[in-house]
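Asker: Could you work out the structure for the sequence below:
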Amino acid sequence: MKLYRCVQCGFEYDEELGWPEDGIAPGTRWDEIPDDWSCPDCGAAKADFYMEEVARP
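Answerer: This is a model prediction of the structure:
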């Protein structure tokens, strides 16, 4: 899975975990999240996130 980090505040969106607080189910891929979604911590745009590969055991 991939993790996306907000460049402004460091908030992490993990595809494996989703973000149930915003109605985003676990396993939801980044490209399935609406483009108008914003960082729940600082309000940054989805475009202000960068992807990191996460190696899980």
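
Asker: Backbone dihedrals for W30, please?
Answerer: W30 has phi and psi values of phi -60, psi -40 when expressed as degrees, to the nearest 10.

Asker: That one is in contact with Y4, isn't it?
Answerer: Yes: at 5.5 Å, W30 and Y4 qualify as touching, with contact defined as C-beta atoms under 8 Å. All C-beta spots, glycine's among them, are computed from the backbone N, C-alpha and C.

Asker: Need the residues touching each of those two.
Answerer: Counting by C-beta atoms under 8 Å, 6 or more residues apart in numbering, the contacts common to W30 and Y4 are Y13, E15, F49, M51.

Asker: Between W30 and Y4, point out the one with more neighbours.
Answerer: Taking neighbours as other C-beta atoms under 10 Å, W30 and Y4 compare with Y4 leading, 18 against 15.

Asker: The more buried one: what secondary structure?
Answerer: When classified by DSSP: H, G, I helix; E, B strand; the rest coil, Y4 comes out as strand.

Asker: Just the pLDDT for it.
Answerer: Note on Y4: pLDDT of 97.

Asker: I'd like to know how many residues surround I24.
Answerer: As a burial measure, I24 scores 17 neighbours (other C-beta under 10 Å).

Asker: go on, M1?
Answerer: Around M1 there are 14 other residues, counting by other C-beta under 10 Å.

Asker: same thing with A45?
Answerer: A45: 13 neighbours (other C-beta under 10 Å).

Asker: Fine, thanks again, bye for now.
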